[in-house]
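Trainee: got a sequence here, can you build the structure:
(one chain, ligands or ions: 1)
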Amino acid sequence: MRLANKVALITGGGSGIGKASCLLFAREGAKVVVVDLKGADATADEIRASGGDARSFSADVSKAKDCEAMVKFAEEQFGALHVAFNNAGIFDAADESVTNTSEEVWDRVIDINLKGVFLGCKYEVPALLRAGGGSIINTASFVAIMGAAVPQIAYTASKGGVLAMTREIAVEFARQNIRANSLCPGPVETPLLAELLADPARRNRRLVHIPPGRFARAEEMANAALFLASDESSYVNATSFLVDGGITGAYITPE
Ligand code: NAD
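Mentor: You can find the predicted model right below:
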């Protein structure tokens, strides 16, 4: 098993990419701490029902005390922390162009998507050091790398921040056996995307730019995260790991 003897904490584990990752990491032998505002219990129950080991923890990643408590909980429950997957994030329907996005929306998106990752790492890094090292995976997005004509200014800025911050953490702690990488998904069929692309015209506008002509599945992101979490990626550090079906590589897509 690829994560035998490892303890993994995954935020946003109640849904989408985070949930698929919790289930996969547990199947690969990890003890999993499922963190979310909602849905964490159900994911942990599902893991235990299929013979895996998991605990749920309710936390708001934009709050320092919650992030400190989730890491403490992981160490108390399982004795150490080896893998931290900071994946919780939001889209806000009112996050649009720079000219009409409110300051409130900007603050909310940055608080969860960027400050939430900062706070996670702030408390996870000392725990990983106590364990002798480990792997951090922070979920960014392909939109951190290329501009979109359908703007979400706060979201895009938050994900760009995740890339820069993750690189810096990766460099600072590399000699202490900690690796840190960003996962940059393309559009994935999750509740989050369904909400954003409920309008068929908006949906098709996105699909046109995806070389395989379909959105990703959450399990395809979980597979990538598994690689970054496991020792198979022992020399992979500070990357912006793109799992986007080739969107960022394409200028013109097939008919
Ligand atoms: P999702 O909505 O299915 O899951 C996100 C989870 O995060 C939810 O369970 C939600 O409750 C949780 N969450 C939100 N705010 C939180 C908070 N303050 N504290 C704790 N938990 C919180 O979405 P998803 O598509 O699985 O997204 C996961 C990550 O992937 C996000 O960071 C998202 O930005 C990123 N991403 C998604 C896509 C996509 O197309 N779905 C593409 C690129 C990047």
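Trainee: can you count the residues close to Gly249?
Mentor: Applying other C-beta atoms under 10 Å, we find 9 residues neighbouring Gly249. Where C-beta positions appear, they are placed from N, C-alpha and C, glycine not excepted.
Trainee: next, count neighbours for the residue lying closest to it once chain neighbours are set aside.
Mentor: Leaving out its chain neighbours, the residue that sits closest to Gly249 by C-beta to C-beta, 6 or more residues apart in numbering is Pro211, at 7.7 Å. Using other C-beta under 10 Å, Pro211 has 15 neighbouring residues.
Trainee: kindly provide the distance from Pro211 to the ligand.
Mentor: Counting by C-beta to the nearest ligand atom, to the nearest Å, the separation of Pro211 from the ligand is 16 Å.
Trainee: what's the first helix or strand after the helix or strand encompassing Pro126?
Mentor: Assigned by DSSP states H and E, Pro126 falls within helix 116-130. Where DSSP H and E defines the elements, the next helix or strand beyond helix 116-130 is strand 134-139.
Trainee: right, and the helix or strand after that next one?
Mentor: Immediately after strand 134-139, counting by DSSP H and E, sits helix 153-173.
Trainee: neighbouring strands - and their directions - for the following helix or strand past that next one?
Mentor: Using DSSP H and E, the helix or strand that follows helix 153-173 towards the C-terminus is strand 178-185. Sheet partners assigned to strand 178-185 using DSSP bridges are listed as strand 134-139 (parallel), strand 240-243 (parallel).
Trainee: hmm, the helix or strand bottoming out on mean pLDDT in the chain in reach of the ligand?
Mentor: When each helix and strand of the chain is scored by mean pLDDT, DSSP states H and E, helix 191-196 comes last, with a mean of 77. Yes - judged by C-beta under 6 Å from any ligand atom, helix 191-196 and the ligand are in contact via Pro191, Leu192, Leu193.
Trainee: nearest residue to Ala42 in space, please, no chain neighbours.
Mentor: Gly14 (6.9 Å).
Trainee: and the residue of the stretch 51-200 of the chain found nearest the ligand, its phi and psi?
Mentor: In the stretch 51-200 of the chain, the residue that lies nearest the ligand is Gly89 (2.3 Å; C-beta to the nearest ligand atom). Dihedral pair for Gly89: phi -170, psi 160, per degrees, to the nearest 10.
Trainee: count of neighbours near it?
Mentor: 26.
Trainee: tell me the contacts of the nearest residue to it once chain neighbours are set aside?
Mentor: Of all residues not flanking Gly89 in the chain, Asn113 sits nearest, at 4.7 Å (C-beta to C-beta, 6+ apart). Asn113 is in contact with Gly89, Ile90, Tyr155, Ser158, Lys159, Val162, counting by C-beta atoms under 8 Å, 6 or more residues apart in numbering.
Trainee: swap in Gly52?
Mentor: Gly52 neighbours (C-beta under 8 Å, 6+ apart): Ala26, Arg27, Val32.
Trainee: contact residues of the protein facing the ligand?
Mentor: So far as C-beta under 6 Å from any ligand atom goes, the chain lies against the ligand at 11-12, 14-18, 36-39, 59-62, 87-90, 112, 116, 139, 141, 185, 187-188, 190-193.
Trainee: great, nothing more from me.
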